[in-house]
Structures are given as C-alpha cells and as structure tokens.
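Peer 1: Could you work out the structure for the sequence below:
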Amino acid sequence: MKQTLKNIFFLGVKELRGLGRDYMLIVLIVYAFSLGIYITGNATSDTITRATVAIVDEDHSQLSERIFDSFFLPMFLPAEEISLDEIDPAMDEGKYTFVLVIPSNFEKDYLAGRKPEIQLNIDATRMSQAFSGGGYIQQMISREIAVFEHKGQLPQEPVKTVIRNRYNANLTQSWFKAVMQLVSNITMLAIILTGAALIRERENGTLEHLLVMPVTAFEIMFSKVWSMLLVVLAASMLSITVVIMQMMSVPVNGSLTLFAVGVALHLFAVTSLGIFLACIAQNMPQLGMLLILVLLPMQMLSGGSTPMESMPHWVQYVMQIAPTTHFVEFCQAILFRGAGLSVVWKPFVMLIVIGGVLFALSLQRFRKSVAQ
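Peer 2: Numbers count the residues shown, from 1 in each chain. The predicted model follows:
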C-alpha cells in the first residue's frame, strides 16, 4: 500500500512537470481562468443596452414629443428623427434597431377616441435586443400615453406589486455569467488536460516505458487524475477569489471551502471521463472531435443556461447521469444562495457515484488499450 501511494505521488509529479513544459496548455489555463471569464461576464449581455432608435414623427404634437423624449440611456441611445423615406435604407444598412412611425393627427385621434396606431419596425437580426426591445418600447409608449392622459400624473394602480429579487437584487447578468463560465471552463480544462496527458505520453513513447516499470495501470491512471485535478482546482479557486470576487466584484454568499470540495468531486468524475475519451482517441485531433460531441451536450443541458425544469422530462432523466448537471446544481446553490452541506449533499453523493463509475470504466478501458 505504501509503495502504491509512493508510485502514484511520483507519477503525478511527473505529470505536473510534463504539463509545465507544455506552454500552449499553460496559456490555455491562464486565459480560461482569467481573461476568458472576465470577457464573458462584462462584454456580453442578453439585456437591451444602448439600442439605436429612430422616430418618424409626422404629428409633432405634445404627445409625440413625450414619446420621442422617453428614449434614454442606458437601455436606448437618444432617438434620432428621420423621414419616412429613410426607413428602408437605414434599416438595410443596420443603422437602427428600432424605427417608430408616429402618424399625423396621432394626438388628435387619440383624444377623439379613434384608437390610432403606431408602427414599430424592428431589425430582428439583432436577436438579443429585438427579443425584449419590442416589449420595452410598448410599455414605454403606454406609460407616456397614460401620463399624458392624466395631465402629467401616473394613474393610481388598483393593486401595487412589490418585486424583490433574491440573491441578485439588481439582476446583474455579469454575476451569473462569470460564475457559469467558470463552471464550464472547469469541466472543459479537466477533460482536455487529462486526455492530452495520456495522448502526449502515447505519442512520445513514454507510456511504453512506464508499462515495463513496476507500476500498475491503476497507479498510472490515478496519478493523472490527482495531478490534473490539483491544477484545475488551484486555478479555479484562484479565479473565483481574484477575477470573480475582486476584479468583477461578484458577491459569493456561500462557503468557498465547501465549493472547493464539490469542485474536487466533480473533477474526479470529469478527469476520469477525459482518460476514457483519450483511450478511444488515437491522437489530439480525434480527442478534440470527441470533446465536442461529449462536452457540448453536457454543458448545454446541465441547467447552467436553461433551467432543468424547462427541458423535456426525458432529457431531465437522462442528464442525471451527467456530472455537469449536479455540478451546476451545487455551484448555484453554494455561490448564489449560500447553501450549506445540508442542502448540497445530494449532488455531492451523485458526483461520488458517477465519478466512481467513470473511473472504473476508464480504468478498464485503459487496461485494454495498454494491453494492445
């Protein structure tokens, strides 16, 4: 037993030294856990921000002026007035996302109860803004009309709804996106590093050297698991404390120690998966193709971007065997909601079971591959 642990330790140290000489993987690790997370959190947004608006005002009344002045930052850039003939050329050029057409006699027809219509043209190629922008503009117009009708005062609502957003009071998307990107990168890097370590040894011929030494397949495989687990765990904890908590000012409500334990359990499962894929692939290009086939469904259907409840029932059942599903579940519970072990013990147990099964399958496949 003592000799086995000693072999596993020194083989793992050898893996760390091999990784240290692979500068491309080092660059990938640094980027994935720093700039990649920062850019994803701050540079992308699904909400409407600084959308371009043009208005064709054929009425030039007090009501149309109120609608014109209702567009302001940060959701919309100040509206620009254009003529009716400029609509099609401007939208063809992608100059405006929204073009509002206010017909002549709009205010007069409204006061007379004739129910006039306002035309809103939307550039639907800008999906993130077009999806929600139409509803925002409709609410803004309705609000301005209500204020105009009640002579500058908003009408009293019969029922007042008080909305309280828990865990993210201002609905700041960068908080959620940064954490979910970290979750995705942890899974991706763990599979890549373990798979690349095995393929690198096979291509360099060092795997055959190990097989003639007094070490077992279990010791070789477990050394790769613990060494790559340690690298990704250290990088992820450094990323969440420096990049996410300090640079991006994302509040973390739960225990980082508990989070680290969960990450280690998840890494045990996905590093085993990485070795399994590397045993199937013959070279790095094949590993890359397998990674796309396996990783994309695991990430997309894990519940990180779309809640599990919104998926078909059969997809929910199938995804229970994927480690990413339980990883996302406890990450959101710990980091966002401040959950303790009494809440996240179930995904922890599932990760232990899934990791054990994947490790056993990978070990069996690894033994077959080295025996050939």
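Peer 1: can you list the weak-confidence ranges in the stretch 1-150 of the chain?
Peer 2: Residues of the stretch 1-150 of the chain that meet the criterion pLDDT under 70 lie in 43-47.
Peer 1: quick one: the strands in it?
Peer 2: If DSSP state E, counting those that start in this stretch is used as the criterion, the strands of the stretch 1-150 of the chain fall at 53-57, 80-81, 98-102, 119-122.
Peer 1: Just read off the phi/psi values of the residue in the chain sticking out farthest from the centre.
Peer 2: Computed with Cα atoms, centre = their mean, the residue of the chain farthest from its C-alpha average is A112, at 51.0 Å. Phi and psi for A112, reported as degrees, to the nearest 10, are phi -90, psi 0.
Peer 1: And for V231?
Peer 2: According to degrees, to the nearest 10, V231 has phi -60, psi -50.
Peer 1: Can you name the residues that contact it?
Peer 2: Contact analysis of V231 by Cβ atoms under 8 Å, 6 or more residues apart in numbering lists 16, 19, 29, 193. The C-beta positions use only the backbone N, C-alpha and C, and glycine is treated the same way.
Peer 1: got it, and K346?
Peer 2: H326.
Peer 1: Which secondary structure state does it sit in?
Peer 2: helix (DSSP: H, G, I helix; E, B strand; the rest coil).
Peer 1: how close does it sit to M188?
Peer 2: Applying Cβ to Cβ, to the nearest Å, the value for K346 to M188 is 25 Å.
Peer 1: cool, and M308?
Peer 2: 21 Å.
Peer 1: Which one's more surrounded, those two?
Peer 2: M188 (19 against 16; other Cβ atoms under 10 Å).
Peer 1: any low-confidence regions in the stretch 201-350 of the chain?
Peer 2: Using pLDDT under 70, the stretch 201-350 of the chain drops low at 207-208, 210-212.
Peer 1: residue boundaries of the helices in it?
Peer 2: For the stretch 201-350 of the chain, the helices defined by DSSP state H, counting those that start in this stretch occupy 206-211, 217-238, 256-280, 284-300, 313-318, 323-331, 341-371.
Peer 1: So which residues make contact with the fifth one?
Peer 2: Right, helix 313-318. So helix 313-318 is in contact with 301, 308-309, going by Cβ under 8 Å, 6+ apart.
Peer 1: let's go with 7 Å and repeat that
Peer 2: For helix 313-318, the surrounding residues in contact (Cβ atoms under 7 Å, 6 or more residues apart in numbering) are 301, 308.
Peer 1: so which of the helices of the stretch 201-350 of the chain comes closest to A79?
Peer 2: helix 284-300 (37.6 Å; Cβ to Cβ).
Peer 1: Show the backbone phi and psi for the residue lying closest to T324 once chain neighbours are set aside.
Peer 2: Closest residue to T324 apart from its sequence neighbours, by Cβ to Cβ, 6 or more residues apart in numbering: S302 at 3.9 Å. Backbone torsions of S302, given as degrees, to the nearest 10, read phi -80, psi -10.
Peer 1: now do the one 5 residues further on
Peer 2: When read as degrees, to the nearest 10, the backbone of P307 gives phi -60, psi 140.
Peer 1: What subset of the contacts of V231 is buried?
Peer 2: Burial of these was assessed by neighbour count (16 or more other Cβ atoms under 10 Å); the buried members are 19, 29, 193.
Peer 1: With respect to T172, which of those residues is nearest?
Peer 2: Distances from T172 to the buried ones among the contacts of V231, taken by Cβ to Cβ, are shortest for I29, at 27.2 Å.
Peer 1: From M248, how far off is the closest one?
Peer 2: In terms of Cβ to Cβ, I29 sits 19 Å off from M248.
Peer 1: domain parsing for this protein?
Peer 2: Each domain of the chain is listed here as a residue range: 2-44+169-371, 53-149, per automatic domain parsing.
Peer 1: can you pull the buried residues of stretch 222-234?
Peer 2: 222-229, 231-233.
Peer 1: before we move on, what about stretch 167-181?
Peer 2: Result for stretch 167-181 [16+ other Cβ under 10 Å]: buried residues 172-181.
Peer 1: if we can go back for a sec, could the buried residues of stretch 222-234 go into CSV alongside distance to Q316?
Peer 2: Shown next, in CSV, are the buried residues of stretch 222-234 (distance: Cβ to Cβ, whole Å):
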residue, distance to Q316
F222, 33
S223, 36
K224, 32
V225, 29
W226, 32
S227, 35
M228, 30
L229, 28
V231, 33
V232, 27
L233, 29
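Peer 1: who touches I280 in this structure?
Peer 2: I280 makes contact with L290 under the criterion Cβ under 7 Å, 6+ apart.
Peer 1: Use 773 as the first number for this chain going forward.
Peer 2: Yes, from this point I'll number from 773; that puts the last item at I1052.
Peer 1: and the gap between G1076 and Q945?
Peer 2: Relative to Q945, G1076 is positioned 14 Å away (criterion: Cβ to Cβ).
Peer 1: Thought T1043 was touching V997, still the case?
Peer 2: Yes: at 4.6 Å, V997 and T1043 qualify as touching, with contact defined as Cβ atoms under 7 Å.
Peer 1: Cool, thanks, talk later.
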